[in-house]
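Undergrad: coords below, sequence missing:
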């Protein structure tokens, strides 16, 4: 029988630590956007000390009874003094209201960033007088052992924290270092090969927050880790540092040895007009590099490349310029495919711009600009639109656009005169 096959029993993880979570092997899509070929787990844990029991995370609401049966197999409710939510997302907090009703002595511990989220997720009556906020270095005393908290925000919600049990070398890491992979054998040295799921989870959940990933790794790497107990997927009891090292590699810059500033120009062209505009943008950007400093400029034809192949380049770039013709009142599909793939990377603060040719109405450029702003890029310059065959003036405007984008990267934008009449 596999360790988790008996739904009535908790599973030992370390001395005084049990898994009391739930298995969801039939799940095939998580939060609408993530595919889960092997389902997932909702990992929750019980930690026993000489002065009480702590529960770390709960489960999705529909698995509550499984969670409570496992919990009851190793503890009485009046022994529970502490409930820790490392992350408030409903798949980890679904059973919390009922747990609070059953464990009358327990205090709920969450990060300070959880304060506002609590109001949106739970009835204030359930939480009244039973919450404490904890940050890095704070501890929960269980008598002969303590839980210590590490503030690790945006992994992948603002409220995320990790909990460290030094006595056993166990890190309860929330979604960090986890994955959507369900196997009732539970532990990484017993389950099937889940490397794809581990990397896929990082790429779709953690990648947009890789600055925070690196900060969390700085906190975690010095710990004498024996076990990493995440909120999803296998419990990492064999060589846990290999998984930490993998995250370090995944979060490292993907492009090496490039200039201080990088500018990428992407285009697709039906009859060559937008391509020639793109070449003018590149020439303008390169002219700024020569005059004011160094910007590395690259040009890519979207017709000859897959959107996914450009994501690493975009993540490292400082500026993105997109060129598209307008067809049927819209930018063309390869442009939207690339832009839609960028939700998995952090684009905040990058410079963006757009250009393109059109035959009738020219909606593509403002539509691209709007999407760039929604992706948190700065769009400081108006795009360039050319009707049918671009003229010399159009190419000059494209040259100026490229030059000004590069100058923005170098901190030397040309001062602009704003016509107030245009703002009325």
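TA: Noted; the coordinates are in hand. Keep in mind it's a predicted model, so treat the numbers as computed, not measured.
Undergrad: from here on, just use CA atoms for contacts and neighbour counts.
TA: Fine.
Undergrad: what's across from residue 42 in the sheet?
TA: residue 22 (DSSP bridges).
Undergrad: is it correct that it is in contact with residue 20?
TA: No: Residue 42 lies out of contact with residue 20 (C-alpha atoms under 8 Å); the separation is 9.1 Å.
Undergrad: the two: who's more crowded?
TA: Using other C-alpha atoms under 10 Å, the more surrounded residue of residue 42 and residue 20 is residue 20, with 31 against 23.
Undergrad: for that one, report the pLDDT, please.
TA: For residue 20, the pLDDT comes out at 98.
Undergrad: the one 10 residues further on too?
TA: For residue 30, the pLDDT comes out at 78.
Undergrad: which residues touch the residue lying closest to it once chain neighbours are set aside?
TA: Residue nearest to residue 30 in three dimensions, not counting chain neighbours: residue 36, with 6.7 Å by C-alpha to C-alpha, 6 or more residues apart in numbering. Going by C-alpha atoms under 8 Å, 6 or more residues apart in numbering, residue 36 touches 27-30, 180-181.
Undergrad: also residue 91?
TA: 42, 58-61.
Undergrad: what about residue 310, which helix or strand?
TA: Assigned by DSSP states H and E, residue 310 belongs to helix 307-316.
Undergrad: how far off centre is the very next helix or strand once past that helix?
TA: Later in the chain than helix 307-316, the nearest helix or strand by DSSP H and E is strand 319-323. The chain centroid and the centroid of strand 319-323 are separated by 23 Å, computed with C-alpha atoms, centre = their mean, to the nearest Å.
Undergrad: let me know the angle separating strand 319-323 from helix 307-316.
TA: 140 degrees (axes from the mean of the first three to the mean of the last three C-alpha atoms, to 10 degrees).
Undergrad: how about the helices of the chain, start to end?
TA: For the chain, applying DSSP state H gives helices covering 64-72, 90-93, 96-102, 115-121, 124-127, 195-201, 210-220, 240-251, 273-292, 307-316, 333-340, 364-374, 392-409.
Undergrad: count the neighbours of the closest residue in space to residue 97 that isn't next to it in sequence for me.
TA: Once flanking residues are discounted, residue 97 sits nearest to residue 126: 6.3 Å by C-alpha to C-alpha, 6+ apart. Residue 126 has 13 neighbours, counted by other C-alpha under 10 Å.
Undergrad: pLDDT wise, what is residue 126 at?
TA: pLDDT at residue 126 comes out at 76.
Undergrad: and it, how far is that from residue 93?
TA: 13 Å (C-alpha to C-alpha, to the nearest Å).
Undergrad: could you list the low-pLDDT ranges of the stretch 251-400 of the chain?
TA: Applying pLDDT under 70 to the stretch 251-400 of the chain picks out residues 254-259, 289-293, 305.
Undergrad: can we see that at 80?
TA: Within the stretch 251-400 of the chain, the segments meeting pLDDT under 80 span 253-260, 289-293, 304-309.
Undergrad: over to the stretch 101-250 of the chain?
TA: 119-120, 123-126.
Undergrad: which residues of it fall in strands?
TA: Under the criterion DSSP state E, counting those that start in this stretch, strands of the stretch 101-250 of the chain are mapped to 107-110, 131-133, 139-141, 146-151, 161-165, 170-172, 227-229.
Undergrad: the second one - contacts with which helices or strands?
TA: This means strand 131-133. Secondary-structure packing of strand 131-133 (3 or more C-alpha pairs under 8 Å, 6 or more residues apart in numbering; DSSP states H and E): strand 107-110.
Undergrad: apply 10 Å and report the result again.
TA: strand 107-110, helix 115-121 (3 or more C-alpha pairs under 10 Å, 6 or more residues apart in numbering; DSSP states H and E).
Undergrad: what's next to the shortest one, contact-wise?
TA: Spelled out, it's strand 107-110. For strand 107-110, the external contacting residues (C-alpha atoms under 10 Å, 6 or more residues apart in numbering) are 54-56, 80-88, 96, 100, 118, 127, 129-135, 140, 149, 151, 159-161.
Undergrad: among those, name the buried ones.
TA: Among these, the ones that count as buried by 16 or more other C-alpha atoms under 10 Å are 54-56, 80-88, 96, 100, 127, 130, 134-135, 140, 149, 151, 159-161.
Undergrad: distance of the residue nearest to residue 30 relative to residue 173?
TA: 20 Å.
Undergrad: could you do residue 294 as well?
TA: 41 Å.
Undergrad: kindly report the same for residue 228.
TA: The value you get for residue 228 to residue 173, if C-alpha to C-alpha is used, is 7 Å.
Undergrad: before we move on, what about residue 333?
TA: For residue 333, the distance to residue 173 - C-alpha to C-alpha - is 39 Å.
Undergrad: then residue 364?
TA: Applying C-alpha to C-alpha to residue 364 and residue 173 gives a distance of 44 Å.
Undergrad: returning to what we had before: list residues touching both of residue 228 and residue 173?
TA: What both residue 228 and residue 173 touch, as defined by C-alpha under 10 Å, 6+ apart, is the set residue 164.
Undergrad: give the contact list for residue 170.
TA: Taking C-alpha under 10 Å, 6+ apart as the test, what residue 170 contacts is 13-14, 17, 147, 163-164, 223-229, 236-237.
Undergrad: list the contacts of the residue lying closest to it once chain neighbours are set aside.
TA: Closest residue to residue 170 apart from its sequence neighbours, by C-alpha to C-alpha, 6+ apart: residue 227 at 4.7 Å. Contacts for residue 227 were tallied using C-alpha under 10 Å, 6+ apart; they are 13-14, 165, 168-172, 235-241.
Undergrad: that's all I had, so thanks and see you.
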